[in-house]
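In: Predicted model and sequence below, questions to follow.
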Amino acid sequence: MFREIDRFKKVYQQGGLTGARVLEDQETGIQYLFVWDGYAGGLTVLLDANGQPMRSGNGPAGYLEG
């Protein structure tokens, strides 16, 4: 039996038919960028200045309060 887990948390969103959303994996803290335009979209991991995956708390002050 599967249990319901809210693994991904939305930490930022902008736009409507075209937009962007930052998601955070609750298990790893890694952040992802999801961008869409109508029915098309894409997902990628956010990277810091050193090329490492962004984790919660790595962004500019106030970034996660979107």
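Out: Looks like it came in fine.

In: moving C-terminal of the helix or strand residue 23 falls within, what's the next helix or strand?
Out: Secondary structure assignment for residue 23, by DSSP states H and E: strand 18-25. Next helix or strand after strand 18-25 toward the C-terminus (DSSP H and E): strand 31-37.

In: Tell me the gap between that next one and the middle of its chain.
Out: 7 Å (CA atoms, centre = their mean, to the nearest Å).

In: That strand: what's the following helix or strand?
Out: strand 40-45.

In: Residue 54 - nearest residue in space that isn't next to it in sequence?
Out: Spatial nearest neighbour of residue 54, excluding adjacent residues (CB to CB, 6 or more residues apart in numbering): residue 46 at 4.0 Å. From N, CA and C alone the C-beta is placed, and that goes for glycine too.

In: if I look at the one you found, how far off is residue 20?
Out: 11 Å (CB to CB, to the nearest Å).

In: shared neighbours of the two, anything?
Out: residue 33 (CB atoms under 8 Å, 6 or more residues apart in numbering).

In: higher neighbour count, those two?
Out: residue 46 (16 against 13; other CB atoms under 10 Å).

In: ok, that one - contacts?
Out: Residue 46 neighbours (CB under 8 Å, 6+ apart): 22, 31-33, 53-54.
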